[in-house]
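1. Need coordinates for the below:
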Amino acid sequence: MPQQPRLPLPYRPEAAIVARHLQALAGALDWAAAAPLARPWVQAVRNNPPPFWAMESLLKEYPISSAEGLALMRLAEALLRVPDAETAIALTADQLGRADFDGASDAMMARLSASAIALSKKFLPEDGQSSIMSKLGARTVVAATLRAVQLLGRQFVLGQNIGEAMKEADGARKHTPGLRFSYDMLGEGARTDADALHYLASYTHAIESIAARADKTGACEQNDGISIKLSALHPRYEETQHARVLAELVPRVWGLCELAARANINLTIDAEEVDRLELSLDVFEALAALVAQQQPQWQGFGLALQAYQTRSLELISHVITLARRYRLRFMCRLVKGAYWDSEIKRAQELGLPHYPVFTHKHHTDVSYLACAQALLAAPDAIYPQFAGHNAGTIAAIIQMAARNADVRRAGPPQASTAPSGGSDVHEVTNVGAASTFELQRLHGMGEGIFREVLKNPQIACRVYAPVGAHRDLLAYLVRRLLENGANSSFVHQLADESVGMDQLLTSPLHMAPESSLPLPPLLYGPGRPNSEGLDLTVESMRAPLFAAFTTVQVPGVPEFDAKLAASAVQTGASSYQKWSKIDVAERAATLRRAADALQQQMPAFCALLVKEAFKTWGDAVSEVREAIDFLRYYANEAERIMAPIALPGPTGETNELRLTARGVWVCISPWNFPLAIFTGQVAAALATGNAVLAKPAEQTPGVAWEAVKLLHAAGVPEGALQLLHGPGETVGAALVAAPGIAGVVFTGSTQVAKIINRALAAKDGPIVPLIAETGGINAMLVDSSALPEQVVDAVVQSAFRSAGQRCSALRLLCLHEGIADKVVAMLRGAVQELAVGDPAELATDVGPVIDREAFDNIQRHLQRLGSTSKVLPALAGRAQNAPDSIANQVLPSAFEVSSLTEVKDEIFGPVLQIVRWGGEPQKVMAQINALGDGLTLGIQTRIDSRAQALAAAAHVGNIYINRNMIGAVVGVQPFGGEGLSGTGPKAGGPHYLYRFCAEQTVTVNTTAAGGNAALLSGT
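-> Modelled structure (predicted):
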């Protein structure tokens, strides 16, 4: 398998790529000639709209942007899977109660809405108990809503099993002879190997069923086929698990390919997210090589290609090269793309230089057309399949196909020159009986347009048809609704008669290239650059990290003599007198220089974090970025808050409020974030003009040492920032007790925070502030409307990544009893797939804990829980190294406890406690509050009002709804808790720097110098 990159970087300037795509289309497409073909199709659909439940009519009636459309989408996504009546009632009341279907053409929805509005006033969860009659009425409304959602599901899922789907396909062919189908067995991605084997069996059965009726001797494209998702066939279909995927997944998929090849049917590998593209190509090429060796006559092996990716044209070129290399002909399904919002969010979260997908719809349209032309131009290598519902795009494809056919008929000498000039409508519709391409549409969508297009019998069409139980369609259906319901989508605009024909069929070729979104580096505006990140799935982006790892050494840091604490304070106080007088803008500039330097030295600092703190590479990159963000954010905040504020007052005087530095601060940082938290504490104190005595964790002084050197090089005086390394009980205690310190900022355990608090309270002299951020028994509350796959993803990330060594890590999972068995089983299987071992290996998910003391402490908790709680067996993950080769490795583990009252202590490692609950979620929330901790809380529910009510009732600093609970971003999710979890204010938030400052009001009596001249002069 070749190791060199097949494609360019996915993060490149968008406008330049669009320009190249336009150049590729020059002479190949005449939009002005193609658009007239689409006009009668559009008009016919508007004159004779599809049935109510078809996508076009549904969007016209209930746009996704409306409360009604959103209610339908949320109910379709969640209601069918809710196992208990109480939650189903609450969900229905929550969603339908906020919508208004009065006047809807669908009488059932109008009746449901009227009932739900009344119901929502009586039976929303927070409204207490309702009467038996109310409950009976509620169940009636829920039953009717379930029927409505099931009806919606039947419109977009061809059948609940392959037999039912094939029967429906036969019925469709009676109305549209020659219609082809590609069956998509619903499966959005396996979390466990059991899930993957289940999907494999489903695919196998489907292929065998299709094969029984396939024409074994005719053209492969004439038969029905199947689409498969690689992520459904392997629980760790990720670039970081590259070797394992090739070893385990390729044989599974090859078994399916052999069945399809023997049956002469099409098997298409569906498109995945951008970060899996290179991996998909490796799998695809490995399979192509097997096809060439063992089934060379088969022309049904295919791949779905996404035009919204900025590398789409290069991807097609690569696939064509593969086809010619292995002397095969691939079926290529061209789609516009299905994960746009996720790709945008990922690029922003990772701080990547550009987006991997186009940010404007007409850019994607241009890319689609350029990709279509490239596919049509390679008939020896590709059988193109064009998926989409845009009438203008379909007309353009038909025109380009006719032109390519003309070029081929003209012979080799003219093959490289596309004809110019406009073809009339007759010419572009004359595709030819032996078409070399096909159109595709989604089942339940685009039916109106294709009803008109397929009046031309020369055009072939395949229906991409989901197959599966209605409760399994959730993620698929909602994604389709969102894509086609977007205001810019053709399907949405087709249903909107206020959009004129010319606007609907506007050529994307003549729109200026532009970006509709700020680039990820500008996410927070021009005044604060987003820290630049790395995509570890891209080999060229991660290579500098591995190179740095071979050269970086953990520096030896001399221990500070605790007896010299008073001297260190004196040195800091002397430097403070000068540093605090420097203008805040200059101090801020110093921090920004440090941020820029840290950005440039990211590989070295990442390598140091892996070596000294045993961070995985992903965690290391995130931590360096967080430190950069702290430096820039606090630089901006200092300039903002330290500007004097003029206050109102009586005539003859001025009043001004100022903030001033306090003096010398002691900053005590932890080992679990030895760079980010260390830098954040230090930067906050320095930005506000204070001097710093920085006491890093004993386990990670090397990271702190390098950070201090970087800050000194950026311009921070050595006296204003001193690194004092040593044990907490000696050096830390001496610094806290030293006379003359102005404040203490501490991150660590609650126990140590209490010791510091008592030591400060016992001192004579000024009362100094303490900023303490401690941990806690962080809980996640999950009700039965939550999506189990989403819950498991969030739990695995929150409880076990970083070896559970985050202040914010999930410690207590509260599962509704209705879904507990399913979630626990899925969680067990997902954790078994985690890679445990050496953090320097890219594949590792869970590295060791920090030291032997931490290891032994966790083992004591494990022994206690093993004797008092139900142990979830086989929850260990996959060892990447010999079991005893990694010191202090704690395997992920979980225990079921009978009640929340049994959860006593925070276990700072990859250990999760699970409790089941039923009844009212507010009571569970009260029990969580009673634990006394208050750092992070997760809420997983599809009931919006419930989520907000629980959040309002929680005594917690950071609340995360329907996502993981870790990874707070500076300035986005200010971090800090209450109760046993800290004093506040929140780090990385707009109130943090105030605690490092003293307030000073200056009043000047202007009348003392002759009176108020302005008042006397009347101005």
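2. got any ranges where the stretch 801-950 of the chain has weak pLDDT?
-> Within the stretch 801-950 of the chain, the segments meeting pLDDT under 70 span 873-877, 879-884.
3. likewise the stretch 501-650 of the chain?
-> In the stretch 501-650 of the chain (pLDDT under 70), the answer is 513-515.
4. can you pull out the helices in it?
-> Using DSSP state H, counting those that start in this stretch, the helices of the stretch 501-650 of the chain run over residues 501-504, 539-551, 565-579, 584-600, 602-613, 617-641.
5. export these to JSON lines and tack on distance to Phe450?
-> Bear in mind the C-beta positions are built from the backbone N, C-alpha and C, glycine included. Below are the helices of the stretch 501-650 of the chain laid out as JSON lines (distance: least, CB to CB, whole Å):
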{"stretch": "helix 501-504", "distance to Phe450": "17"}
{"stretch": "helix 539-551", "distance to Phe450": "42"}
{"stretch": "helix 565-579", "distance to Phe450": "72"}
{"stretch": "helix 584-600", "distance to Phe450": "51"}
{"stretch": "helix 602-613", "distance to Phe450": "51"}
{"stretch": "helix 617-641", "distance to Phe450": "44"}
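6. okay, the ones you listed in a markdown table with distance to Arg852 and mean neighbour count next?
-> Below are the helices of the stretch 501-650 of the chain laid out as a markdown table (distance: least, CB to CB, whole Å; neighbours: other CB atoms under 10 Å):
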| stretch | distance to Arg852 | mean neighbour count |
| --- | --- | --- |
| helix 501-504 | 69 | 12 |
| helix 539-551 | 24 | 15 |
| helix 565-579 | 28 | 19 |
| helix 584-600 | 31 | 19 |
| helix 602-613 | 15 | 24 |
| helix 617-641 | 21 | 25 |
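7. right, and these - which one's nearest Gly300?
-> helix 539-551 (31.5 Å; CB to CB).
8. what residues are up against Ala194?
-> Counting by CB atoms under 8 Å, 6 or more residues apart in numbering, Ala194 makes contact with Gly829.
9. Would you agree it falls within a helix?
-> Yes. According to DSSP: H, G, I helix; E, B strand; the rest coil, Ala194 belongs to a helix.
10. Distance check, it against Gln160.
-> 21 Å (CB to CB, to the nearest Å).
11. same check, this time on Pro650
-> Following CB to CB, the distance that separates Pro650 from Gln160 is 79 Å.
12. His816 too?
-> His816 is 26 Å from Gln160, by CB to CB.
13. what do you get for Ala401?
-> From Ala401 to Gln160 the distance is 36 Å (CB to CB).
14. Compare those two (neighbour count), which wins?
-> When Ala401 and Gln160 are compared for neighbours, Ala401 comes out ahead with 23 against 18, by other CB atoms under 10 Å.
15. Is the more buried one within a helix or a strand, and which one?
-> Assessed by DSSP states H and E, Ala401 sits inside helix 391-410.
16. In that helix, which residues are buried?
-> Of the residues in helix 391-410, 391-405, 407 count as buried by neighbour count, 16 or more other CB atoms under 10 Å.
17. tell me the mean pLDDT over it?
-> Averaging pLDDT along helix 391-410 yields 87.
18. Could you do stretch 287-298 as well?
-> 97.
19. May I have it as PDB, with CA atoms only?
-> Extracted in PDB, the C-alpha atoms of stretch 287-298 (Å, rounded to 0.1, in the frame of the first residue of the first chain):
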ATOM      1  CA  LEU A 287     -10.200  -4.000  -2.300                       C
ATOM      2  CA  ALA A 288      -9.500  -2.800  -5.900                       C
ATOM      3  CA  ALA A 289      -6.400  -4.900  -5.900                       C
ATOM      4  CA  LEU A 290      -8.300  -7.900  -4.800                       C
ATOM      5  CA  VAL A 291     -11.000  -7.300  -7.400                       C
ATOM      6  CA  ALA A 292      -8.300  -7.100 -10.100                       C
ATOM      7  CA  GLN A 293      -6.800 -10.400  -8.900                       C
ATOM      8  CA  GLN A 294      -9.900 -12.400  -8.300                       C
ATOM      9  CA  GLN A 295     -12.900 -10.800 -10.000                       C
ATOM     10  CA  PRO A 296     -11.500  -8.800 -12.900                       C
ATOM     11  CA  GLN A 297     -14.700  -9.100 -14.900                       C
ATOM     12  CA  TRP A 298     -16.800  -7.400 -12.200                       C
END
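20. what comes up buried for that stretch?
-> 287-292, 295, 298.
21. Wait, Arg587 touches Ala687, no?
-> Yes. Using CB atoms under 8 Å, Arg587 makes contact with Ala687 at a distance of 5.9 Å.
22. what's the overlap in contacts for those two?
-> With CB under 8 Å, 6+ apart as the test, Arg587 and Ala687 both reach 635, 638.
23. Would you state the helices of the stretch 851-1000 of the chain in chain order?
-> Going by DSSP H, counting those that start in this stretch, the stretch 851-1000 of the chain shows helices at 852-868, 921-930, 944-953.
24. Out of these, which gets nearest to Ala595?
-> From the helices of the stretch 851-1000 of the chain, taking CB to CB, the stretch that ends up closest is helix 852-868, at 31.0 Å.
25. Trp917 contacts Leu815, doesn't it?
-> Yes. At 7.2 Å, Trp917 counts as touching Leu815 under the criterion of CB under 8 Å.
26. The two - which one has more neighbours?
-> Per other CB under 10 Å, whichever of Trp917 and Leu815 has more neighbours is Leu815, with 27 against 19.
27. Name the SS class of that one, please.
-> Quick answer, by three-state DSSP: Leu815 is strand.
28. gap between it and Leu9?
-> As defined by CB to CB, Leu815 lies at a distance of 42 Å from Leu9.
29. How about Arg592?
-> 27 Å.
30. of the buried residues of stretch 287-298, closest to Ala201?
-> Ranked by distance to Ala201 (CB to CB), these are led by Leu287 at 19.5 Å.
31. Buried ones in the helix or strand harbouring Arg252, by neighbour count?
-> Using DSSP H and E, Arg252 maps to helix 242-263. By 16+ other CB under 10 Å, the buried positions in helix 242-263 come out as 242, 244-245, 248-250, 252-254, 256-261, 263.
32. helices or strands up against it?
-> helix 193-211, strand 225-228, strand 266-269, helix 277-294, strand 301-306 (3 or more CB pairs under 8 Å, 6 or more residues apart in numbering; DSSP states H and E).
33. try 7 Å
-> For helix 242-263, the contact count by 3 or more CB pairs under 7 Å, 6 or more residues apart in numbering; DSSP states H and E identifies helix 193-211, strand 266-269, helix 277-294 as packing neighbours.
34. okay but Ile344 is in contact with Pro356, surely?
-> No. In this structure Ile344 lies outside contact range of Pro356 using CB atoms under 7 Å: 9.1 Å.
35. Can you report how many residues neighbour the residue lying closest to Glu497 once chain neighbours are set aside?
-> Leaving aside its sequence neighbours, Glu497 sits nearest to Arg46 (CB to CB, 6 or more residues apart in numbering; 6.2 Å). Counted with other CB under 10 Å, residues neighbouring Arg46 total 16.
36. Am I right that Trp31 is in contact with Ile397?
-> No. Taking contacts as CB under 7 Å, Trp31 lies outside contact range of Ile397: 11.8 Å.
37. what sits up against stretch 593-605?
-> 531-532, 544-545, 547-548, 552, 624, 627-628, 631-632, 675, 706, 710-711, 713-715 (CB atoms under 7 Å, 6 or more residues apart in numbering).
38. er, stretch 351-360 I mean
-> 10-14, 274, 308-310, 337, 340, 343-344, 347, 364, 367, 514-517, 519-521, 530-533, 535, 625.
39. Just the buried subset of those residues, written out for ChimeraX, thanks.
-> Buried members of these, defined by 16+ other CB under 10 Å, are picked up in ChimeraX with:
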select :10,11,14,274,308,309,310,337,340,343,344,347,364,367,515,519,520,521,530,531,532,533,535,625
